[in-house]
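Colleague: The following block contains a protein sequence and its predicted model.
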Amino acid sequence: MMMNRRTFSTALLAGASASLVSTRGIAATPPQAKARNVVLVHGLFADGSCWSEVIPRLQAAGLNVTSVQNPLTTLPEAVASAQRVLDRQDGPTVLVGHSFSGMIVTEAGMHPNVSALVYVAARAPDADEDYTALAKTYPTPPASAGIVFDGDEGRLSEEAFLRDFAGDLPEARARVLYAVQQPFHKALLTGRTSHAAWRSKPSYYAVSTEDRTINPDLERFMAKRMGATTIEVKASHLALISQPDAIARLIVDAAGQPK
């Protein structure tokens, strides 16, 4: 049965609070402004189309959505690409990052238009933190062994993509995503954030419990450290595709829409 916008929005909002687990923040955050804009940022092994399942759900909830095309070249250039989109937003905006783009959200989230941050199985470093060193304190996820380089460009092998990155998706769907993955530059991985927006902005985190790309316990640690409102989703690294309702609900909640 087709649902009109109001019906879908009501259903989406009604389910948000039931699935969220609040944790105590590290530092007090200012009152959260309601947002009608959402900016989405993709990570490694992907492009902006990876949000295609989440976007229509957010639009049905009445939100204005933009998916950034992350250049995956250097961290400053990736942050700048998000900042340019944030500059165009009219009023409070939820900034959402998946995977590596948690680095971008953490830095670009200082933008004055950003009212809240959402991390989807994402990196969430502190200011000037060596994320690679932090990740090494946890067991290495299987996908790491599947990264291959052509000169300075890196990508995920097809086997690792299907098994360790998109393991809970139908194979045909995963192969489409593999075909459009955008290679990243080695220089991207050397960047460090100079700010940690989660220390001053309301933050939300979706942990993927079956993640083979970022260790789920590392995700839990980062979510707890930032005092994020947290959900756990039984999903691969691509919860935004395999569990889009849960991810959309979290983003709607971060927008501060009335329930």
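Modeller: On my side now, so go ahead.

Colleague: wait, Ala124 sits on Glu107?
Modeller: No. Using Cβ atoms under 8 Å, Ala124 makes no contact with Glu107, being 11.3 Å away. Glycine gets a C-beta too; all of them are placed from N, C-alpha and C.

Colleague: Looking at these two, which has the bigger crowd around it?
Modeller: The residue with more neighbours, out of Ala124 and Glu107, is Ala124; 28 against 25, by other Cβ atoms under 10 Å.

Colleague: Leaving out sequence neighbours, find the closest residue to the more buried one.
Modeller: Met222 (4.0 Å; Cβ to Cβ, 6 or more residues apart in numbering).

Colleague: tell me which element that neighbour falls in.
Modeller: Element membership for Met222, per DSSP states H and E: helix 216-225.

Colleague: quick revisit: list the contacts for the residue nearest to Ala124?
Modeller: 119, 123-124, 205 (Cβ atoms under 8 Å, 6 or more residues apart in numbering).

Colleague: where does Val54 fall, phi/psi-wise?
Modeller: Main-chain dihedrals, Val54, degrees, to the nearest 10: phi -80, psi -40.

Colleague: Make 189 the starting number, not 1.
Modeller: Understood, numbering begins at 189; the last thing we discussed is Val242.

Colleague: Just the pLDDT for it.
Modeller: In this model, Val242 is scored at 98, pLDDT.

Colleague: again, but for Ala221
Modeller: pLDDT, Ala221: 74.

Colleague: what does the one 4 residues further on give?
Modeller: Confidence per residue is given as pLDDT, and for Asn225 that number is 98.

Colleague: Show the contacting residues for the residue nearest to it when sequence neighbours are not counted.
Modeller: In this structure, Asn225 finds its nearest non-sequential neighbour in Thr281, 4.0 Å apart by Cβ to Cβ, 6+ apart. Thr281 makes contact with 223, 225-227, 274, 301-303, according to Cβ under 8 Å, 6+ apart.
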